[in-house]
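> After the sequence you'll find the predicted model.
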Amino acid sequence: MTPTQGRSTGLWALLSLALALVLLGGGIAAWTQTAGGAVSVQDVRFTGNDGHQLAGLLYVPRGVTAKTPAPAVLAVHGYINSRETQDAFAIEFSRRGYVVLALDQQGHGFSDAPAFAYGYGGPAALAYLRSLDIVDKDNIGLEGHSMGGWTVLQAAKAIPDGYKSLVLVGSSPGDKGVPAPDGDASFPRNTALIYGKWEEFSPLMYGVANPGDAQSSAKMKTLFGSAAPVVEGKVYGSIDTGNARVVYRPANNHPGLTFSFESVSHATDWMARTLKGGHPASGQVWWLKELGTLIALVGGILFLFPFGALLLRTPYFAVLSAKAAPARGVRRGTPWWVAALVAAAIPAVTFFWFQDFANYLIPASGLFPQTVTTGIMGWAIGNALVSLVLFLVWHFRSNRGAGLADYGLRPRGIGRSIVFAASVVAGLYALLAFSDWAFTTDFRIYVVQLHLMDATHFRIFLSYLIPFTVFFVVLGLVLHNQLRPADRSPGRELAANVAVMVAGLVVLLVADYAPLVAGGTLAIPDQPLLIIVAYQFVPVLAAVALISTYFFRRTGSVLPGAFVNAILITWDITAGTATQWPVEPWGGATQWIRVGLPLLAGVVLLVLAIRRLRTGTAAQAPASDPEPVPQVPA
């Protein structure tokens with residue numbers, strides 16, 4: 001066997017492993033969420049207000065029929081999440097005999113935009129749940145995390161006799177939720193609060209900077225009808241009269257409450273005490289579903305590497321395979337460490353400011369309808385501009401003789417690189433679609449997820465794709481040129497690039513959370529949402545560094561890896577967050593022209609700036625023009 005044949009065998013083995021992980025993880029997840037076949041899980045769509053579609057996962061225990069209806073729970077995720085984020089609660093409720101509707105909030109997941117409208121979709125979801133003949137309409141509970149708490153509160157206010165009890169997980173009544181109806185001191189009925197000891201949103205929810213003071217806040221004391229600070233675990237009021245209240249304080253933070261044995265235990269216990277018709281179940285198994293979807297996620301990301309490498313061996317894409325030009329990066333030692341620290345610090349230092357500025361400058365519209373994605377886009381473009389300026393300064397001071405080919409920017413292969421990247425990510429998307437069809441699961445762990453797109457998401461994806469592509473091309477220039485010293489092994493290069501990508505955000509997270517965990521508040525208390533977004537980017541940017549580095553070493557060009565990352569991350573963000581502006585799948589032509597043309601002009605200017613790096617004439621071939629890698633016949 002030749003070395004090339006051996007490498008092909010290794011790639012096929014790695015591809016087989018990735019596919020096996022997707023199948024294994026999906027099987028574990030499906031077995032867990034169905035309780036080994038005792039619960040059916042159905043993807044349901046129904047009509048909400050003004051004809052808008054709402055979506056959810058409906059969990060139906062075996063034996064539940066119109067003749068033998070069961071108690072039910074409406075379970076709702078928080079802001080910029082989706083129905084799968086409620087799987088811990090949904091799985092354990094359904095194992096205990098409850099029909100569960102895990103809702104995609106309005107403007108989230110597969111529910112139509114806009115977010116925040118129509119009571120977040122809560123009233124329509126409760127009405128739909130009550131319309132099912134398999135549901136015992138006298139025994140319905142509501143459970144919501146964060147903004148999902150506001151969703152179920154809106155449902156409770158709209159249909160005050162349509163539920164018996166409620167669990168607010170990392171949420172609060174009143175103000176941003178829903179005020180109590182006049183004269184109804186028992187609203188919301190039979191309520192349990194599950195409120196983390198390290199809650200990032202304490203100022204918003206209970207008007208206190210320190211989450212430890214929440215039980216002494218005026219809002220919580222009013223809710224509990226207590227003049228003294230509320231005692232954890234003590235039931236105030238009466239379940240029989242409907243004004244019962246209790247608070248639990250798990251040692252967790254805001255998103256961690258959805259990934260907590262303690263939270264799930266309190267929620268299932270409260271439903272058992274306030275609803276009739278459920279039954280006990282031993283232990284908790286939801287974590288196995290998370291383990292399964294994590295295994296599938298790892299398999300899906302792993303799939304990109306051998307699949308892409310095998311595509312590069314096909315006749316059409318083989319022309320992209322080339323040796324990288326000799327490294328021209330900063331010298332090892334102190335110069336490299338200084339450059340690496342600057343590169344790592346820029347994303348962290350600008351994380352809040354650039355996102356806030358982008359949302360101020362670009363309000364939600366038909367072209368950019370997702371405020372969180374727009375903020376991340378602004379952060380990415382801002383980082384690209386700063387990095388490009390520093391790169392050009394370095395080029396003109398230290399590498400004036402380098403041309404485009406020396407920096408891995410060969411315009412001749414740009415079209416084929418785009419097709420290659422689209423093919424690679426399409427393969428991953430096909431795996432996710434198969435998992436959704438076969439197992440009714442996606443790829444995820446905790447709040448890090450890959451979610452399918454519908455037609456509207458795809459239209460939104462196209463809007464954000466060009467700006468993110470600019471960022472990833474500039475990122476490739478920096479990682480594989482300015483920060484690539486000579487004679488670094490592939491393993492060390494991968495490790496160094498991952499460290500550069502995530503180190504700054506890790507330091508930001510530790511610095512921000514340390515005071516909170518120590519018993520105080522976030523170091524930057526006015527940015528609770530974005531700091532939660534930040535730690536999702538640690539694994540995402542690690543994957544970005546691996547993809548960019550792997551395909552650069554395979555092709556000698558920054559473009560294939562940059563395009564793969566641009567398509568993958570734009571899909572990931574746009575499919576997994578909230579949409580604030582009502583968008584038709586192919587509408588908004590005026591917005592596309594008004595904003596899209598300036599964006600296109602910006603891309604052209606960027607290309608012209610990069611072309612300025614050329615020092616020779618078009619007829620002058622670079623001395624380091626890479627040689628093609630020998631190809632193996634199919």
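On my side now, so go ahead. This is a predicted model, so every value here is computed, not measured. Numbering: from 1, shown residues only.
> Past the lengthiest strand in the chain, which element shows up next along the chain?
Ranked by residue count, the top strand of the chain under DSSP state E comes out as strand 135-145. Where DSSP states H and E defines the elements, the next helix or strand beyond strand 135-145 is helix 147-158.
> which secondary structure elements does the longest strand of the chain contact?
Contacts defined by 3 or more CB pairs under 8 Å, 6 or more residues apart in numbering; DSSP states H and E place strand 135-145 against strand 70-76, helix 122-131, helix 147-158, strand 165-169, helix 261-274. Quick note: C-beta positions are derived from backbone N, CA and C, even for glycine.
> could you pull out the strands for the stretch 1-150 of the chain?
In the stretch 1-150 of the chain, the segments counted as strands under DSSP state E, counting those that start in this stretch are 39-47, 53-61, 70-76, 99-104, 135-145.
> can you redo these as JSON lines with mean neighbour count?
Listed next are those as JSON lines, based on neighbours: other CB atoms under 10 Å:
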{"stretch": "strand 39-47", "mean neighbour count": "15"}
{"stretch": "strand 53-61", "mean neighbour count": "23"}
{"stretch": "strand 70-76", "mean neighbour count": "30"}
{"stretch": "strand 99-104", "mean neighbour count": "29"}
{"stretch": "strand 135-145", "mean neighbour count": "24"}
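> nearest to residue 110, of these?
Closest to residue 110 of those, according to CB to CB: strand 53-61, at 3.7 Å.
> Sheet partners, orientation included, of that closest one?
strand 39-47 (antiparallel), strand 99-104 (antiparallel) (DSSP bridges).
> Name the residues that touch the shortest one?
Here strand 99-104 makes contact (CB atoms under 8 Å, 6 or more residues apart in numbering) with 44, 54-61, 64, 70-77, 82-84, 86-87, 89-90, 93-94, 110-111, 121-122, 125, 128-129, 132, 134-135, 148, 151.
> Format the CA atom coordinates belonging to it as PDB.
Extracted in PDB, the C-alpha atoms of strand 99-104 (Å, rounded to 0.1, in the frame of the first residue of the first chain):
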ATOM      1  CA  VAL A  99     -48.600  14.900  27.900                       C
ATOM      2  CA  VAL A 100     -46.000  17.600  27.200                       C
ATOM      3  CA  LEU A 101     -46.000  20.300  24.600                       C
ATOM      4  CA  ALA A 102     -42.500  21.800  24.300                       C
ATOM      5  CA  LEU A 103     -43.200  25.000  22.400                       C
ATOM      6  CA  ASP A 104     -41.000  27.000  20.000                       C
END
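> What average pLDDT does the longest helix along the chain get?
Across the chain, the longest stretch assigned as helix under DSSP state H is helix 3-33. pLDDT averaged over helix 3-33 equals 90, rounded to a whole number.
> Report the inter-axis angle for that helix versus strand 39-47.
90 degrees (axes from the mean of the first three to the mean of the last three CA atoms, to 10 degrees).
> Counting neighbours, show which residues of helix 3-33 come out buried.
Under the neighbour-count criterion of 16 or more other CB atoms under 10 Å, helix 3-33 has 8, 11, 14-15, 18-19, 21-23, 25-33 buried.
> name the helices or strands packed onto that helix?
helix 87-95, helix 286-311, helix 414-439.
> just how off-centre is it within its chain?
24 Å (CA atoms, centre = their mean, to the nearest Å).
> mind giving me the domain split of the chain?
Using automatic domain parsing, the domain parsing of the chain gives 52-284, 331-611.
> With respect to burial, which of the ones you listed scores highest?
With neighbours taken as mean count of other CB atoms under 10 Å, the domains of the chain reach their highest mean count in domain 52-284, at a mean of 21.
> start to end distance for it?
One end of domain 52-284 sits 35 Å from the other (CA to CA, to the nearest Å).
> residue contacts, the residue lying closest to residue 76 once chain neighbours are set aside?
Nearest residue to residue 76, sequence neighbours excluded (CB to CB, 6 or more residues apart in numbering): residue 148, at 3.3 Å. Taking CB under 8 Å, 6+ apart, we find residue 148 in contact with 75-78, 86, 103, 105, 120, 169, 171.
> Span of stretch 215-231 from start to end?
End-to-end distance (CA to CA), stretch 215-231: 7 Å.
> Other residues contacting that stretch?
With contacts defined as CB under 8 Å, 6+ apart, stretch 215-231 is touched by 172-175, 185, 191, 193, 205-208, 214, 232, 236-237, 243, 245, 247, 249.
> out of the helices and strands packed on helix 3-33, nearest to residue 40?
It is, among the helices and strands packed on helix 3-33 and with distance given as CB to CB, helix 87-95, at 9.3 Å.
> Now do that closest one: which elements does it pack against?
On a contact count with 3+ CB pairs under 8 Å, 6+ apart, helix 87-95 meets helix 3-33, strand 53-61, strand 70-76, strand 99-104, helix 261-274, helix 286-311.
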